[in-house]
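Enquirer: Here is my input; please provide its structure:
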Amino acid sequence: MILRTCKVSVTDIQDVEHSVEVTAASLQQDNWVGEIGQGLTTVTVVVQPPPVRHEVKMKDFLSWLGRQGGSPAEIILREKVGKMLGMANQPRK
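Expert: Numbers count the residues shown, from 1 in each chain. So this is what the prediction gives:
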């Protein structure tokens, strides 16, 4: 696996933008952002180099996270992301 530097940005519900640089596949344990809106809030990830920008609405991310089934790789990925976010023991919708 090639590790890359990523910049993750999100604007909280008070319209303050927060960003952090992380290494892809690393776990970020810092509380670097306040409360994030759950609807149309967009999280932006820019992967370096070369710069590649990804955006996802929080409602779409949470929908994916709560989805059942899919390929074994997708199920494992959702479980891993849920654990990273401290959501591992929450019931799926």
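Enquirer: mind checking the SS state of Pro49?
Expert: coil (DSSP: H, G, I helix; E, B strand; the rest coil).
Enquirer: and if you look at Asp15?
Expert: Once three-state DSSP is applied, Asp15 turns out coil.
Enquirer: any idea how far Val56 is from it?
Expert: In this view, Asp15 and Val56 are 19 Å apart by Cβ to Cβ, to the nearest Å. For every residue, glycine as well, the C-beta is placed using N, CA and C.
Enquirer: quick one: which helix or strand includes Thr44?
Expert: Assessed by DSSP states H and E, Thr44 sits inside strand 42-47.
Enquirer: State the mean pLDDT of the helix or strand following that strand.
Expert: Next along the chain after strand 42-47, taking DSSP H and E as the criterion, comes strand 52-57. Per-residue pLDDT over strand 52-57 has a mean of 86.
Enquirer: Which parts of the first helix or strand past strand 52-57 going along the chain count as buried, going by neighbours?
Expert: Counting by DSSP H and E, the element after strand 52-57 in chain order, helix or strand, is helix 58-66. Burial within helix 58-66, assessed by neighbour count using 16 or more other Cβ atoms under 10 Å, is assigned to 58, 61, 65.
Enquirer: can you redo those residues as TSV with distance to Gly39?
Expert: Formatted as TSV, those follow (distance: Cβ to Cβ, whole Å):
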residue	distance to Gly39
Met58	7
Phe61	11
Leu65	15
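Enquirer: between those residues, which is closest to Gly82?
Expert: Ranked by distance to Gly82 (Cβ to Cβ), the buried residues of helix 58-66 are led by Leu65 at 6.1 Å.
Enquirer: Pretty sure the closest one sits against Met84.
Expert: No. The criterion here is Cβ atoms under 8 Å, and Leu65 misses it with Met84 at 10.7 Å.
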